[in-house]
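# Have a look; sequence and predicted model below, questions after that.
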Amino acid sequence: QMEGTYEIHTDSAQNIYVLSSVGLFDIDVDGNDKGDNYDNSTSKMDFILASFTCEGDYRWSKIIGGGGKERPPHIVIDEENNVFVAGQFRNCQNDNYPPRIENDTILDDFTQSQCKTLFMAKFSSEGEMLWFNMPQELGDQTDVLSHTISRDFFSDSEGFMYWFLNLPEGSYENGAFATDEDTGFYTFKYNPEGEFMEVITFDIQGSTDGPPGYFGPMGMGANFYINPHNQHFYLFINRIQPQHTVIIGGQQVEHAFVIASFDEEGNFLWMGEDNTTEWSPTVYDLAFDVDNNIYLGGKFLSSGDLLGFTIEEDLGLNPNFVMKTDPTFENIIWASYAHGTEETPPSVGTAAEQGALLLNDDELVFTGWGFGEEFVWAGQTHYFHEPGGGTDVLFARFDIESGDCIELNHLESDYGSDEIGTALAIDAAGDYLVGGQFEYNLFDDHGNVVYNAGGQTDFFLTKYATQACNEPDMAVEIHQENPFQVYPNPVQNQLYITNLQTKTAFSLYALNGRLITQGQLHPNQNSIPTASLNNGLYFLKLKDEKGREGVIKVVKE
């Protein structure tokens with residue numbers, strides 16, 4: 001993406017943090033001049049971390065880059081609203097474009113034989129760099145650039161952070177870990193303060209056919225996730241070709257798409273595949289519910305077969321899709337795809353290669369793109385515009401039990417231009433944030449417009465909410481007389497909820513708005529285990545089938 005949103009995160013104060021790629025010259029973020037990026041004329045890929053208030057006002061930003069084609073960094077927000085950024089520079093030369101994070105750190109003393117690229121930085125919520133660390137030893141750029149990949153960076157429900165990496169032979173974290181393998185998959189684990197703890201290894205091997213740094217099908221295509229409910233690791237790979245060799249847990253992958261799971265210690269658990277051998281759906285994201293069911297969303301191919309799920313080509317090619325499977329990716333619970341009608345099959349067209357998916361309580365949310373007069377998906381029909389008018393940002397919501405579409409919506413843009421949603425987030429008030437890229441103009445529901453000021457695409461951020469900045473549900477009692485009570489409070493091992501009359505959905509949040517766990521309670525099943533929680537303040541959100549709802553502050557000690 002020339003300029004487009006990769007990630008969105010929020011903190012407990014509903015401040016927003018956006019990670020986007022940026023172009024070469026005259027970078028302007030919401031009226032704030034950033035000048036040119038830190039690249040040369042052969043590369044246009046620097047990244048910007050920008051922060052905005054709950055109302056969308058600019059706060060601060062940092063450009064991350066140098067003279068190479070940077071891979072996207074990743075972000076984690078901790079319970080104190082500090083911002084951790086993990087990534088990889090792609091330049092080892094001491095030239096006019098050394099690796100840097102704005103003016104906070106400039107790495108101008110590297111040479112082709114003495115350099116390193118991996119970095120982790122910690123910022124305060126106000127944008128002050130608190131520390132900067134490079135866990136890799138100095139080495140020759142042949143290995144450092146060609147055999148190192150920063151893949152993903154996540155935190156779990158307790159605030160521990162996991163950095164998924166491909167690493168060459170060498171020493172890391174001041175000698176705390178060393179490997180003599182040419183290329184290996186590793187997970188570096190850090191405590192909530194950012195201190196290195198241990199390395200978790202995975203039993204994954206991949207062919208190395210192709211250019212340097214390719215690693216076969218996993219060079220750029222292996223995606224890692226953490227299931228927040230069981231703390232297991234999940235890997236998925238799109239479009240494995242017959243000439244590639246991928247072996248996971250001792251089992252060779254035979255098809256074009258695979259999901260595999262590993263436990264907290266990196267032990268292989270299971271592997272599931274699609275039914276095609278050359279092409280497969282492009283999966284944007286995974287999501288998990290409290291029963292560890294798996295949700296997928298992305299772009300489906302006309303020749304695809306995902307656990308027996310296929311599409312009718314005459315209703316539209318390569319459409320958006322969502323799917324729910326059982327916890328081991330063996331059986332489909334439900335699946336659907338966007339399509340046109342027999343009269344207007346091209347109305348869906350070809351879905352994009354980027355999009356996003358997330359789970360929020362009892363609904364699944366999807367963003368990507370759509371266009372046409374009759375855009376049909378899981379029981380809903382939506383009008384974008386007349387044929388030939390380009391694409392608009394799609395915002396869709398689905399019921400996780402039935403798979404029915406709750407809402408189809410779009411962000412209006414000018415006729416003939418192409419816009420797409422690429423990232424999603426939920427803030428502490430439960431409001432949705434969508435980011436992406438756009439070519440010309442975007443309009444909100446109040447008639448406000450933003451203009452593309454560059455020659456290609458710009459990144460954008462928008463909010464779907466009942467008002468500009470709702471109070472966080474977890475920060476206030478939404479009823480003067482809360483219909484539910486809990487005991488003991490403070491709690492140690494088991495929290496009990498009283499006055500339950502019907503099936504009641506619960507969600508437990510940390511102070512920064514991060515979802516810790518969720519599920520269903522009943523009059524005869526009215527407790528939540530809390531022994532594994534860290535000490536501190538939490539918010540328990542409850543809503544039953546009669547519409548009664550409440551939020552209760554819970555102290556764990």
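Great, that's in hand. Quantities reported herein were computed from a predicted structural model and do not represent experimental measurements.
# Val322 contacts Val365, doesn't it?
No: under the criterion of C-beta atoms under 8 Å, Val322 is not in contact with Val365, lying 9.7 Å apart. In short, each C-beta sits where N, CA and C put it, glycine included.
# which neighbours do the two share?
Applying C-beta atoms under 8 Å, 6 or more residues apart in numbering, one finds that Val322 and Val365 are jointly contacted by Leu357, Phe398.
# which residues of this protein score low on pLDDT?
In the predicted model, the chain carries pLDDT under 70 at residues 1, 39-44, 94-95, 207-220, 313-316, 343-350, 454-455, 471-481, 511-513.
# In the beta-sheet assignment, what are the partners of Lys321?
Let me fix one detail, which is that residue 321 is Phe and not Lys. Gly298, Tyr337 (DSSP bridges).
# ugh, typo on my part, it should be Val29
With DSSP bridges as the rule, Val29 is bridged to Asn32.
# before we move on, what SS does Ile311 have?
Recorded secondary structure, Ile311: coil (DSSP: H, G, I helix; E, B strand; the rest coil).
# Enumerate every residue touching it.
Applying C-beta under 8 Å, 6+ apart, the residues near Ile311 are Phe300, Ser302, Gly304, Pro319, Phe321, Tyr337, His339.
# Repeat the analysis, applying 6 Å as the threshold.
Contact partners of Ile311, counting by C-beta atoms under 6 Å, 6 or more residues apart in numbering, are Phe300, Tyr337.
# So it versus Gly430, what's the distance?
33 Å (C-beta to C-beta, to the nearest Å).
# and what of Glu264?
From Glu264 over to Gly430 the distance is 29 Å, taken as C-beta to C-beta.
# of those two, who's got more company?
A direct count of neighbours by other C-beta atoms under 10 Å for Glu264 and Gly430 places Gly430 higher, at 18 against 13.
# neighbours around the spatially closest residue to Asn452 that is not a sequence neighbour, how many?
By the measure of C-beta to C-beta, 6 or more residues apart in numbering, the closest residue to Asn452 outside its immediate chain neighbours is Asp458, 4.7 Å from it. The number of residues packed near Asp458 is 23, by other C-beta under 10 Å.
# and Asp458, what are its bridge partners?
Counting by DSSP bridges, Asp458 forms beta bridges with Phe438.
# correct me, but it touches Met2?
No: counting by C-beta atoms under 6 Å, Asp458 does not reach Met2; the two are 8.8 Å apart.
# Distance from the chain centre to stretch 243-257, please.
25 Å (C-alpha atoms, centre = their mean, to the nearest Å).
# how about stretch 180-197: buried residues?
By 16 or more other C-beta atoms under 10 Å, the buried positions in stretch 180-197 come out as Thr183, Gly184, Phe185, Tyr186, Thr187, Phe188, Tyr190, Pro192, Gly194, Phe196.
# So which of those residues are in strands?
Gly184, Phe185, Tyr186, Thr187, Phe188, Tyr190, Phe196 (DSSP state E).
# okay but the fifth one is in contact with Trp163, surely?
Yes: in terms of C-beta under 6 Å, Phe188 counts as a neighbour of Trp163; the distance is 4.4 Å.
# rewinding a little: can you redo the buried residues of stretch 180-197 as TSV with distance to Tyr451?
Converted to TSV, the buried residues of stretch 180-197 look like this (distance: C-beta to C-beta, whole Å):
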residue	distance to Tyr451
Thr183	45
Gly184	47
Phe185	43
Tyr186	44
Thr187	42
Phe188	42
Tyr190	41
Pro192	41
Gly194	39
Phe196	45
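# Quick check: beta-bridge partners of the closest residue to Val199 other than its chain neighbours?
Leaving out its chain neighbours, the residue that sits closest to Val199 by C-beta to C-beta, 6+ apart is Phe177, at 4.8 Å. On the basis of DSSP bridges, Phe177 is bridged to Tyr172.
# For Phe177, the count of nearby residues, please.
17.
# Tell me how far it lies from Ser171.
Separation of Phe177 from Ser171 (C-beta to C-beta): 7 Å.
# Show me what the residue lying closest to Asp30 once chain neighbours are set aside bridges to in the sheet.
Take Asp30 and drop its neighbours on the chain: the residue closest to it by C-beta to C-beta, 6+ apart is Tyr58, 4.3 Å away. Tyr58 has these beta-bridge partners by DSSP bridges: Phe52.
# How about Val450?
Leu442.
# Do I have it right that it meets Asp444?
No: the criterion here is C-beta under 6 Å, and Val450 misses it with Asp444 at 8.5 Å.
# So between those two, which is more surrounded?
The neighbour comparison of Val450 against Asp444 (other C-beta under 10 Å) goes to Val450, with 17 against 13.
# Look up how far Ile16 lies from the more buried one.
From Val450 across to Ile16, the span is 15 Å (C-beta to C-beta).
# Also Ala335?
According to C-beta to C-beta, Ala335 stands 32 Å off from Ile16.
# between these two, which one's more packed in?
Using other C-beta under 10 Å as the criterion, Ala335 and Ile16 rank with Ile16 on top: 23 against 20.
# Just give the closest residue to the more buried one, not the sequence neighbours.
Among residues not flanking Ile16 along the chain, Phe52 sits closest, at 4.5 Å (C-beta to C-beta, 6+ apart).
# Equivalent analysis for Gln114, please.
Leu138 (4.8 Å).
# my read: that neighbour touches Thr111, true?
No: with contact defined as C-beta under 6 Å, Leu138 and Thr111 do not form a contacting pair (9.2 Å).
# how many other residues sit next to Gly447?
Gly447: 7 surrounding residues under other C-beta under 10 Å.
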